[in-house]
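Student: this is a predicted model, with the sequence first.
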Amino acid sequence: MPVHNADIAAAFDEIADRLELQSANPFRIRAYRNAARILLELRIDVAAKLAEGEELPKLPGIGADLSAKIREVAARGTCALLEKLRREMPAGITELLKLPGLGPTRVRALYDALKVGSLADLQRVAREGRLRALPGFGEKSEAKVLAAVSAHLSKVQRFQLAVAAQYAEPYAQYLRRTPGVEEVVIAGSYRRRKETVGDLDFLATASRAEPVIARFAGYAEVKEVIASGPTKASVRLASGIQADLRVVPPESLGAALHYFTGAKAHNIAIRRLAQDAGLKVNEYGVFRGGKRIAGTSEESVYASVKLPWIPPELREDRGEIEAARRDELPRLVERADLRGDLHAHTKATDGRASVREMALAAKARKLQYLAITDHSQRQAMVHGLDAARLAKQADEIDRLNGELQGITLLKGIEVDILDDGALDLPDSILAKLDLVVAAVHSRFNLPRARQTERVLRALENPHVRLLAHPSGRLIGAREPYEVDMQAVIRKARAQGVALELNAHPHRLDLTDVHCRMAKDEGALVSINSDAHAAEGFDALEHGIGQARRGWLEKKDVLNCRPLSELRRLIGGGARRARGPRP
DNA sequence: GCCGTTTTCGGCCCGACTGTTTTCAGTCG
């Protein structure tokens, strides 16, 4: 079993949970949490690196002790400390910490007094009415716990950004119509354009908070008011998503926006900088002593710690503060930078529109070129194209290119990578196309080494210019397949193959972390819609969000290039050998 | 558990709301 960074992070998170249950030093606990976060976002595969005999790079917040534990978990999948902690309390107890309203202190109390060690135990004692007798608990907390257990068992977790948007935007519009409200912004991970969001964080500015809070709680979709005070409130919507509102005075907008956009780690880092400078940053402003010196705009908050404004997508404490200090923040790619789209389907396979309709839809969205890349024959379920049907489509594209103004169609294919890394159509056919996109659509469960070999071999085919949805994951539905992504990215770079950032909101594949890895390795990324109908092109906006989180600039993105340059970059093998590499 | 041209020991971000407390701990973001 390969140990991934996420597995090491999970081990550290569990250690932190269990230490918390034992009331250990909170800063020791924070050290484990911090290490878990760093590992999750790390752009190298630690276990693989260590197995190759390489040393762990020096990471901030990870000292000698945690380094040793990383090595131990990487090698064995667990470590002595975790094993010891697991012997001390039951396996299911960390699950209880995930329930809203239950923290380490109360979970510990439940365990000590009632031997509650799992969700099932908790449900039982709550139903028997034994919870309310505990010190610190009462009838209300007993009822809350019962509700929380059933909600947890029915699993409403994180929402895809595109799904959250459907709830968030109308809610924000509704709040904006409150008399006396000046601004309503959706902050939090939504503003950072994270691929999934756990809740919605609304920030409103108004001279009087009460009317906004009241209107927030009175929204038609509110199923339950979780909390409500003079400046903030939390509700759960009928959809299951939680929404929080915070109201601040207008002059605090910048400080509050910064505070409620996060990420937490970014905020902590900024506050630490402020502290070093003798300042205090909170959601109301930046203060020196009792005097407020900034906070009306976000720019003023950053300026108070001598930094330029940092785009929300970068605020994860992944090096953006250091980059800002050196004045080396990336100029992040924008939707308007995209000149074309290199992955789209038609009704020849599983799309719902004709080639012409797709071309016109792309043109309407200000794209100058569009590659038609239907599936290949192996995808029998969607009537994948064989050589004859592909040739027929090519004729149609030639005709349309002669007729249509303002959009150029490229002849392409999304060709299946077969089990052994060979492609689903012969080279002689692929050679006739403008663009060959290769993709894995089967055998997702091959062992890592074989899956990696398979993809690397496909990349070696001289006709392949783009690797579609490189990890194969579907957010919340299918895990990525096991593959050495760094090896894939390096091979792609060497072969002049671009990596797709599939913009479909269910995919967003590459991830932000892998986008940045591609950038670091010098490989180009192509932000494609994978549209199956006209409105599918609207997904490009989601791809842009993900790309920005991955620090990508216009120069890092293949389809920001004008058509002439694109043609040079995706030209045939012989030309490519002479031309500059992307 | 980490970290340090102010420190190798003593710090480590900040505030709001709930429930049960009679003055605040626990939880959350």
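Tutor: Nice, I can see it.
Student: make it CA atoms for all contacts and neighbour counts henceforth
Tutor: Noted.
Student: for A:Gln368, what are phi and psi?
Tutor: The phi and psi values for A:Gln368, taken as degrees, to the nearest 10, are phi -100, psi -20.
Student: looking at chain A, which residue lies furthest from center?
Tutor: What lies farthest from the middle of chain A is A:Ala133; by C-alpha atoms, centre = their mean that is 43.1 Å.
Student: that's a strand at that residue, yeah?
Tutor: No: counting by DSSP: H, G, I helix; E, B strand; the rest coil, A:Ala133 is not part of a strand but coil.
Student: what separates it from A:Asp337, distance-wise?
Tutor: A:Ala133 is 62 Å from A:Asp337, where distance means C-alpha to C-alpha, to the nearest Å.
Student: state the pLDDT value of A:Gly579.
Tutor: pLDDT recorded at A:Gly579 is 37.
Student: close to DNA strand B, is stretch A:126-141?
Tutor: Yes: applying C-alpha under 7 Å from any atom of the strand, one finds stretch A:126-141 in contact with DNA strand B at A:Arg132, A:Pro135, A:Gly136, A:Phe137, A:Gly138, A:Glu139, A:Lys140, A:Ser141.
Student: hmm, A:Arg130 and the fourth one touching each other?
Tutor: So that's A:Phe137. No: with contact defined as C-alpha atoms under 8 Å, A:Phe137 does not reach A:Arg130; the gap is 10.0 Å.
Student: ok, and the closest non-adjacent residue to the residue nearest in space to the middle of chain A?
Tutor: Residue closest to the average C-alpha location in chain A (C-alpha atoms, centre = their mean): A:Glu195, at 3.6 Å. For A:Glu195, ignoring the flanking residues on the chain, the nearest one in space by C-alpha to C-alpha, 6 or more residues apart in numbering is A:Leu161 at 5.4 Å.
Student: what is the burial count for that neighbour?
Tutor: 21 (other C-alpha atoms under 10 Å).
Student: tell me the contacts of it?
Tutor: Neighbouring residues of A:Leu161 by C-alpha atoms under 8 Å, 6 or more residues apart in numbering: A:Tyr190, A:Arg193, A:Lys194, A:Glu195, A:Thr196, A:Val197, A:Pro505.
Student: how does it look with 10 Å?
Tutor: Shown in contact with A:Leu161 (C-alpha atoms under 10 Å, 6 or more residues apart in numbering): A:168, A:189-191, A:193-198, A:505-506, A:542.
Student: so how far is A:Ala168 from it?
Tutor: For A:Leu161, the distance to A:Ala168 - C-alpha to C-alpha - is 10 Å.
Student: name the residues contacting each of the two.
Tutor: A:Tyr190.
Student: coming back round to it: got a pLDDT number for the residue farthest from the centre of chain A?
Tutor: pLDDT, A:Ala133: 85.
Student: break chain A into its domains for me.
Tutor: A:5-154, A:159-248, A:252-325, A:335-575 (automatic domain parsing).
Student: report how many residues lie close to A:Leu499.
Tutor: Applying other C-alpha under 10 Å, we find 29 residues neighbouring A:Leu499.
Student: next one: A:Glu535
Tutor: Neighbours of A:Glu535 under the rule other C-alpha under 10 Å: 13.
Student: if you skip the residues just before and after it, what's nearest to it?
Tutor: A:Ala361 (7.7 Å).
Student: mind telling me what element that neighbour is part of?
Tutor: According to DSSP states H and E, A:Ala361 maps onto helix A:355-364.
Student: re earlier: who's in contact with the residue nearest to A:Glu535?
Tutor: So A:Ala361 contacts A:Ala353, A:Val355, A:Leu367, A:Ile407, A:Ala533, A:Ala534, A:Glu535, A:Gly536, A:Phe537, A:Asp538 (C-alpha under 10 Å, 6+ apart).
Student: quick one, which of the residues you listed are buried?
Tutor: A:Ala353, A:Val355, A:Leu367, A:Ile407, A:Ala533, A:Ala534, A:Gly536, A:Phe537, A:Asp538 (16 or more other C-alpha atoms under 10 Å).
Student: wait, doesn't the second one sit right on A:Gln393?
Tutor: Yes: A:Val355 is within contact range of A:Gln393, at 8.6 Å (criterion: C-alpha atoms under 10 Å).
Student: show me the residues of stretch A:126-141 next to DNA strand B that map onto helices.
Tutor: Counting by DSSP state H, the residues of stretch A:126-141 next to DNA strand B place A:Glu139, A:Lys140, A:Ser141 in helices.
Student: mind checking which of those are buried?
Tutor: Buried residues within these, counting neighbours by 16+ other C-alpha under 10 Å: A:Ser141.
Student: tabulate the ones in helices among the residues of stretch A:126-141 next to DNA strand B in a markdown table, adding columns for pLDDT.
Tutor: What follows is these, written out as a markdown table (pLDDT from 0 to 100):
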| residue | pLDDT |
| --- | --- |
| A:Glu139 | 84 |
| A:Lys140 | 84 |
| A:Ser141 | 85 |
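Student: so which residues on the stretch 1-150 of chain A come close to DNA strand B?
Tutor: So the stretch 1-150 of chain A meets DNA strand B at A:25, A:27-29, A:31-32, A:59-67, A:97-107, A:132, A:135-142 (C-alpha under 7 Å from any atom of the strand).
Student: those, buried ones only, as a PyMOL selection?
Tutor: In PyMOL, this line selects whichever of those come out buried by 16+ other C-alpha under 10 Å:
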select buried, chain A and resi 29+31+32+62+97+99+102+104+106+107+132+141+142
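Student: low-confidence regions, chain A specifically.
Tutor: Scanning chain A for pLDDT under 70 picks out A:1, A:154-156, A:572-582.
Student: the helices in the stretch 1-150 of chain A, which residues?
Tutor: For the stretch 1-150 of chain A, applying DSSP state H, counting those that start in this stretch gives helices covering A:5-21, A:26-41, A:46-51, A:64-76, A:80-88, A:93-96, A:104-114, A:119-127, A:139-154.
Student: those: which one's closest to A:Gly496?
Tutor: helix A:46-51 (24.7 Å; C-alpha to C-alpha).
Student: helices or strands up against the closest one?
Tutor: helix A:5-21, helix A:64-76 (3 or more C-alpha pairs under 10 Å, 6 or more residues apart in numbering; DSSP states H and E).
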